[in-house]
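# compute the structure for the input listed below.
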Amino acid sequence: MIDFYTWITPNGLKISIALEEFGLDYRTHTIDITKGDQFLPEFRRINPGSKIPAIIDNDAGITLTESGAILIYLAEKTGRLMPSNGKARLQVIEWLMWQMGGFGPTLGHAHHFLTYNAGQAPFAEALFAKETRRLYQTLEARLKDREYVVDEYSIADIAVWPWVSRYERHKIDLKEFPEIRRWYRALAARPQVKRGYEIPHFTGEIPV
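Below you'll find the predicted structure:
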């Protein structure tokens, strides 16, 4: 049994979707970051960095934080959604790192400046709007003539998809990115993605 600590953020959704895809038994613990639950002593014992998501794999005696590390761990634990060797494995890791190092952080800043604090910092808004569009263009090019980010469905897709699901906050029209739109909608139709999207609680239908 895995204890899963999360909130309704793209990083949290990565792991809830992955747990559903892998079919693992887990218990969800809601960490409401809007109320500061991430700073409570009981959660800081799990992650001193006060960030979600986090998991405790009780069967293996492993506590793990950082969404990318958790995705790799779950893929290796189950032997699914990441090749065990070769070029494809390296490419899955490559695109997972692309999401972790660029796509996610940049879009997180876009949420802050373009949606939640619009008009407060024009320079930052222009900077992150431009960089957000560049990253969407990178993903669009990657998905041309490809069903998934790396040939077969993998944790790379699971890592990227929840961030794209916030495209409205990025001031992005997916009609301008037909390859992303096709890929995004295909994943949104997966029952496992639908279930994962509603954890730790339902916030509305997946935007399409």
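
# just the buried residues of stretch 103-113, please?
Within stretch 103-113, the residues scored as buried using 16 or more other Cβ atoms under 10 Å are 103, 104, 106, 107, 108, 109, 110, 111, 112, 113. Every residue, glycine included, has its C-beta placed from N, CA and C.

# per-residue confidence at the third one?
Each residue has a pLDDT score; the one for residue 106 is 96.

# contacting residues around residue 13?
Residues near residue 13 by Cβ atoms under 8 Å, 6 or more residues apart in numbering: 162, 165, 196, 197, 199.

# any quick ChimeraX command for the buried ones out of those?
Here is the ChimeraX command that selects only those of the contacts of residue 13 that count as buried (16+ other Cβ under 10 Å):
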select :162,165,196,197,199
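
# and of the contacts of residue 13, the nearest to residue 63?
Of all the contacts of residue 13, residue 63 sits closest to residue 199, with 19.5 Å by Cβ to Cβ.

# ok, back up a step: and the two most separated of the contacts of residue 13?
165 and 199 (13.6 Å).

# can you pull out the low-pLDDT segments for the chain?
Scanning the chain for pLDDT under 70 picks out nothing.

# can I get the lengthiest helix in it in CSV, CA atoms only?
Longest helix of the chain, by residue count under DSSP state H: helix 122-143. Extracted in CSV, the C-alpha atoms of helix 122-143 (Å, rounded to 0.1, in the frame of the first residue of the first chain):
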residue,chain,number,x,y,z
PRO,A,122,4.4,43.9,-17.1
PHE,A,123,8.0,42.9,-17.7
ALA,A,124,7.6,39.5,-16.0
GLU,A,125,4.3,39.0,-17.8
ALA,A,126,5.9,39.6,-21.2
LEU,A,127,8.9,37.4,-20.3
PHE,A,128,6.9,34.4,-19.2
ALA,A,129,4.3,34.8,-21.9
LYS,A,130,7.1,34.6,-24.5
GLU,A,131,8.8,31.7,-22.9
THR,A,132,5.6,29.8,-22.4
ARG,A,133,4.8,30.1,-26.1
ARG,A,134,8.3,29.0,-27.0
LEU,A,135,7.9,25.8,-24.8
TYR,A,136,4.5,25.1,-26.3
GLN,A,137,6.1,25.4,-29.8
THR,A,138,8.8,22.9,-28.7
LEU,A,139,6.2,20.4,-27.6
GLU,A,140,4.2,21.0,-30.8
ALA,A,141,7.2,20.2,-32.9
ARG,A,142,8.0,17.1,-30.8
LEU,A,143,4.5,15.7,-31.3
